[in-house]
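Enquirer: Quick one: sequence plus predicted model below, questions after.
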Amino acid sequence: MKKGKFALLLHAHLPYVRHPEHEDFLEEDWFYEAIAETYLPLLRIFERLADEGAPVRLTMSITPTLGAMMEDPLLQDRAARHLERSVALAESEVRRTGDNAATNALARFYLDRFRTVRDDYESRGRRLIPGFRRLQDAGFLEIITCAATHGFLPLMADYPEAIRAQIMVARDYHRKLFGRNPSGIWLPECAYFPGIEKYLREADLKWFVIDAHGLMFGRPQPRFAIYAPCYTPEGPAAFARDRDSSRQVWSQEEGYPGDPAYRDFYRDIGYDLPLDYLRPFLGKDGQRKFTGLKYHRITGRTSEKELYHRPWAEGAADAHAADFLSNRIRQFEPLCAEMPVDPLILSPYDAELFGHWWFEGPEFLDKFLRKAAYDQQVFELTTPTQYLAENEILQVVQPCASSWGNKGYWEVWLEQSNAWIYPHLHEAARRMIETARALARTRTAWREETVQQMGRELLLAQSSDWAFLMRTGTAKDYAARRTKDHLLRFNRLYETLVRGRPDKDFLVACRERDNIFPDLEWRYYI
């Protein structure tokens, strides 16, 4: 009987949100919250497992935009300030709730937690990338890349140079952060179209992830369904997402995070308590926002919530980890008995689910990884790169166009709320290609710096996050403004080249604001 291979993949991504022109900026909190609730907790769990020598291997994408934010000194300082405010608020809550034993116990729990996170962040010099890199170098964690700014690649198909730049710039920046080229790539939104392999191969990327139907509707049909990767005719291997394991965690109806023992994400004291009390712990604008102090469990869909009980939540996380393990064993047993090759199940998740949206998610992962490593013999934890090294002979299949969005195609990122952006993005891509080709013939220092900044603005405008936020209605005004601002800056820079007159002050201002990819190679657009 073959032994199953389970590949857990965490997709760690946030859009590039950095606003040096404001002392406090609400959307920057996405990053600070993720540091406190997801990235640091996961990093600590992984480090403990690695230090113990646990037979665990897993994969994590750290997208270039997230990596750049983690390495940015301004955002590092602001994250530290955010953690100090959280500690101060928790200290205030301990005093305020002194006459209520149950709530006071929760306030003390949060105070201990915030202090631990703050101290851990400071002890690392406010840098998380070196910790993940050490796990990579130790062989515990495979770190892969994504497109440079998480651009929705199929909608750039008319401008292949733009696709090439998204992938090659990502490859270069990944190498700068982690000291080696990535072996795999998380295609943004799992969005695939035939032909993208050409650019993956140029970047020496060996594999990518698609949704299940992308492989199942391929030609010819895969012999082993989604339980073994397939090489594409161009070379890179396609790994398909397993929906059974995904549904247990993601599903709103049957997923683990909806258990009533778990903490309610939406019930936060930032919206419950008087604004005058909260104001000293908020930004200068004083507007209400999530604080991370949440005293209630999910309970139900009404506004009446019961207090969060930490031991119950920890017990639920342990039970759900055991249930997830038993379901994987039941899934693997017939596959191991029937398949002539090692069956593989790939389970990818957004990393921010664990800790941010699902507060107990890191504990669930820790318990599952330990149970999988020590409490069963049916499958072992692996990475896609390791699987390819151990299974060199695979079927060749041409996958079909697909994504993991609603209805499995492009609907989420191209519909009435966001379709207006694409004519502008396409025209900017055309201008970028035209300008890069012209610069290759006649180069001057200011023109080269201008084209390099144009590349940054175009890449940032192409982020799939903006179209997604417009579609969902979450921060839609901010998403629209970001798209417009990057395109306006791009076009103004382009006009300086057309006129042949540099605007050095404007170029410097753009570079200070949008300073991602300092070594961006504009020749990828040729």
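Expert: Cool, the structure landed.

Enquirer: For this structure, give me the ranges with low pLDDT.
Expert: For the chain, the stretches with pLDDT under 70 are 1, 252.

Enquirer: For the top helix by length along it, buried residues please.
Expert: Ranked by residue count under DSSP state H, the longest helix found in the chain is helix 310-338. Across helix 310-338, burial judged by 16 or more other CB atoms under 10 Å covers 313, 316-318, 320-321, 324-325, 328-329, 331-332, 335-336. Any C-beta I mention is one placed from the backbone N, CA and C, and that applies to glycine too.

Enquirer: ditto for stretch 269-282
Expert: So for stretch 269-282, counting by 16+ other CB under 10 Å, buried means 269-270, 273, 278, 281-282.

Enquirer: do the same with stretch 203-214
Expert: Here stretch 203-214 shows 203, 205-214 as buried, counting by 16+ other CB under 10 Å.

Enquirer: try stretch 117-131
Expert: 117-118, 120-121, 126, 128-129, 131.

Enquirer: Distance from that stretch to the middle of the chain?
Expert: Chain-centre distance of stretch 117-131: 19 Å, with CA atoms, centre = their mean, to the nearest Å.

Enquirer: Stretch 482-493 now?
Expert: 25 Å.

Enquirer: Then stretch 163-181?
Expert: 16 Å.

Enquirer: Check stretch 87-99 too.
Expert: For stretch 87-99 - counting by CA atoms, centre = their mean - the centre lies 33 Å from the chain centre.

Enquirer: what does it rub up against?
Expert: 103-104, 106-108, 110-111, 114-115, 118, 269, 277-278, 280-281, 291, 293 (CB atoms under 8 Å, 6 or more residues apart in numbering).

Enquirer: Which ones among the residues you listed lie within helices?
Expert: Counting by DSSP H, these contribute 103-104, 106-108, 110-111, 114-115, 118, 269, 277-278 to helices.

Enquirer: What values do phi and psi take at the residue of the chain most remote from its centre?
Expert: Within the chain, the residue lying farthest from the chain centre (CA atoms, centre = their mean) is Asp99, at 41.2 Å. Main-chain torsions, Asp99, degrees, to the nearest 10: phi -100, psi 10.

Enquirer: any idea how far Ala107 is from it?
Expert: For Asp99, the distance to Ala107 equals 12 Å [CB to CB, to the nearest Å].

Enquirer: same check, this time on Glu21
Expert: On the measure of CB to CB, Glu21 and Ala107 end up 35 Å apart.

Enquirer: out of those two, which sits in the more crowded spot?
Expert: Set side by side, Glu21 and Ala107 show more neighbours around Ala107, with 24 against 9, by other CB atoms under 10 Å.

Enquirer: any idea how far the more buried one lies from Lys294?
Expert: Applying CB to CB, the value for Ala107 to Lys294 is 11 Å.

Enquirer: Which residues are in contact with Cys208?
Expert: Careful, residue 208 is Phe; it's not Cys. With CB under 8 Å, 6+ apart, Phe208 has these contacts: 184-187, 192, 200, 236-239.

Enquirer: SS state for it?
Expert: strand (DSSP: H, G, I helix; E, B strand; the rest coil).

Enquirer: Kindly report the same for Asp519.
Expert: Assignment for Asp519 (three-state DSSP): coil.

Enquirer: Met70: what's it in contact with?
Expert: Residues near Met70 by CB under 8 Å, 6+ apart: 39, 62, 76, 127-129.

Enquirer: need those in CSV with distance to Gln462, can you?
Expert: Compiled in CSV, the contacts of Met70 are given as follows (distance: CB to CB, whole Å):
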residue, distance to Gln462
Tyr39, 25
Ile62, 19
Gln76, 26
Arg127, 28
Leu128, 26
Ile129, 24
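
Enquirer: Can you flag which of those belong to helices?
Expert: Filtering the contacts of Met70 for helices - DSSP H - leaves 76, 129.

Enquirer: Which member of the contacts of Met70 is positioned nearest Ser464?
Expert: Of all the contacts of Met70, Ile62 has the smallest distance to Ser464: 16.8 Å, by CB to CB.

Enquirer: Any idea how many residues pack against the closest residue to the closest one other than its chain neighbours?
Expert: Using CB to CB, 6 or more residues apart in numbering and skipping residues adjacent in sequence, the residue nearest Ile62 is Ala12, 5.1 Å away. For Ala12, the neighbour count with other CB under 10 Å is 23.

Enquirer: Just want to check the distance between Ala12 and Tyr39.
Expert: For Ala12, the distance to Tyr39 - CB to CB - is 7 Å.

Enquirer: Overlap in contacts, these two.
Expert: With CB under 8 Å, 6+ apart, Ala12 and Tyr39 have common neighbours Ala351.

Enquirer: which of the buried residues of stretch 117-131 sit farthest apart?
Expert: Across these, the longest distance by CB to CB is 18.7 Å; it joins Arg118 and Ile129.

Enquirer: show me the residues around the residue nearest to the spatial centre of the chain that make contact.
Expert: Taking CA atoms, centre = their mean, the centroid of the chain lies closest to His13, which sits 2.0 Å from it. Residues near His13 by CB under 8 Å, 6+ apart: 61, 63, 65-66, 146, 150, 186, 350-352.

Enquirer: The same query, at a cut-off of 6 Å, please.
Expert: Residues near His13 by CB atoms under 6 Å, 6 or more residues apart in numbering: 63, 66.

Enquirer: Check the one 5 residues further on too.
Expert: The contact partners of Arg18, by CB under 6 Å, 6+ apart, come to none.

Enquirer: phi, psi of it?
Expert: Backbone torsions for Arg18, taken as degrees, to the nearest 10, come to phi -150, psi 120.

Enquirer: just the one 5 residues further on next, same as before
Expert: Here is the backbone geometry of Glu23 (degrees, to the nearest 10): phi -70, psi -40.

Enquirer: repeat for Ile196
Expert: phi -70, psi -20.

Enquirer: neighbours of it, just the number please.
Expert: Neighbours of Ile196 (other CB under 10 Å): 25.

Enquirer: State the three-state secondary structure for Arg443.
Expert: Arg443 - assigned by three-state DSSP - is coil.

Enquirer: Of the buried residues of stretch 117-131, just say which sits nearest to Thr450.
Expert: Nearest to Thr450, judged by CB to CB, of the buried residues of stretch 117-131 is Ile129 at 29.5 Å.

Enquirer: any idea how far the closest one is from Asn515?
Expert: Distance from Ile129 to Asn515, counting by CB to CB: 17 Å.

Enquirer: can you tell me the helix or strand for the closest residue in space to Leu325 that isn't next to it in sequence?
Expert: Spatial nearest neighbour of Leu325, excluding adjacent residues (CB to CB, 6+ apart): Lys371 at 4.8 Å. Assigned by DSSP states H and E, Lys371 belongs to helix 361-374.

Enquirer: Counting by contacts, list what that helix packs against.
Expert: helix 40-51, helix 310-338 (3 or more CB pairs under 6 Å, 6 or more residues apart in numbering; DSSP states H and E).

Enquirer: mind checking which of those is nearest Ser463?
Expert: Closest approach to Ser463 among those is made by helix 40-51 (23.3 Å; CB to CB).

Enquirer: Mind listing what's buried along that closest one?
Expert: Residues of helix 40-51 classed as buried by neighbour count (16+ other CB under 10 Å): 40-47, 49-50.
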